[in-house]
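A.B. asks: need coordinates for the below:
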Amino acid sequence: MTQTAISIEDLHVSYFGNEAIRHVSLNVEPGNLVGIIGPNGAGKSTLLKAMLGLIPRDKGQVKILDKPVKEVRKQIAYVPQRNDIDWDFPITVLDAVLLGTYPRLKRFRRPGKKERQWALECLARVGMDAFSKRQIGELSGGQQQRVFLARALAQQADVFFLDEPFVGVDASSEETIVKILKELGEQGKTVVVVHHDLSKANEYFNQLILLNKELIGFGTVGDVLQSKVIERAYQGQFAFMNGMGV
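C.D. replies: So this is what the prediction gives:
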């Protein structure tokens, strides 16, 4: 029986009594690169955090790799939005990536030579090994995002969640990140990304979740990026979307 990477059933989330997302149900199979798209305030980051159990759910069920999230935490990597991270925290680039090795260490054990070498390999993969001794706060936005992707890689996870990873990054860093995400998909890993730029959705992903508080569309990029489907989600912003050729 084939394992399902992500299963969501009738998910509802609210903040202070205000409905954020409702009636979201879908299944993601392993090896897919999935973009979560939708207008501002659509609940994209809320959906991501609810899947991870980082915020409470009003109702509904989420399973990762056919199990409750708390049972498969070690197999899940999460890269939060950059503005959710304390960049003044006194930690080097290498130490930040080493944090990704902790979930697979035995209790009370600290990273050793093997883990440091693996962390350096992950930094090399994102082109940041020359910055290993730098403080993370000294890096540019794109460099910081690469480091946190390296931390996710160091975790050797099966499912990756990234919240707006391309915001505030340079073109070179964006290209590097996309390349690695595609490699992960080719390795059978599942990648879910909150993204706001529809013009690159076809280039970056093979599946899309289109959200506007409820699920408007889910499936292949070609199926979701249909004008009638997009219009339902973006409504008044649709004229702008037409200008992009959607």
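A.B. asks: shaky segments in the protein?
C.D. replies: For the chain, the stretches flagged by pLDDT under 70 are 1, 105-106, 108, 236-246.
A.B. asks: output the longest helix belonging to this protein.
C.D. replies: When the chain is parsed with DSSP state H, its longest helix is helix 171-186.
A.B. asks: pull out the buried residues from that one.
C.D. replies: 173-174, 176-178, 180-182, 184-185 (16 or more other Cβ atoms under 10 Å). C-beta coordinates here come from the backbone N, C-alpha and C atoms, glycine included.
A.B. asks: neighbours around the closest residue to residue 30 other than its chain neighbours, how many?
C.D. replies: Spatial nearest neighbour of residue 30, excluding adjacent residues (Cβ to Cβ, 6 or more residues apart in numbering): residue 5 at 4.5 Å. Residue 5 has 23 neighbours, counted by other Cβ atoms under 10 Å.
A.B. asks: geometric centre of the protein: which residue is closest?
C.D. replies: Centroid check for the chain by Cα atoms, centre = their mean gives residue 162 as the closest residue, at 1.8 Å.
A.B. asks: partner strands of the helix or strand containing that one and their direction?
C.D. replies: Assigned by DSSP states H and E, residue 162 belongs to strand 159-163. Take DSSP bridges as the rule and strand 159-163 pairs in its sheet with strand 76-79 (parallel), strand 190-194 (parallel).
A.B. asks: alpha carbons of the longest one, in CSV - could you do that?
C.D. replies: Output of strand 190-194 as CSV, limited to C-alpha atoms (Å, rounded to 0.1, in the frame of the first residue of the first chain):
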residue,chain,number,x,y,z
THR,A,190,7.7,15.9,-0.5
VAL,A,191,8.1,19.7,-0.5
VAL,A,192,5.4,22.2,0.4
VAL,A,193,6.0,25.9,-0.2
VAL,A,194,3.9,29.0,0.6
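A.B. asks: run through the bridge partners of the residue nearest to the centre of the chain.
C.D. replies: In this entry, residue 162 is beta-bridged to residue 79, residue 193, by DSSP bridges.
A.B. asks: what's the helix or strand containing residue 234 packed up against?
C.D. replies: Applying DSSP H and E as the criterion places residue 234 in helix 227-234. If you count contacts as 3 or more Cβ pairs under 8 Å, 6 or more residues apart in numbering; DSSP states H and E, helix 227-234 packs onto strand 207-212, strand 214-220, helix 238-242.
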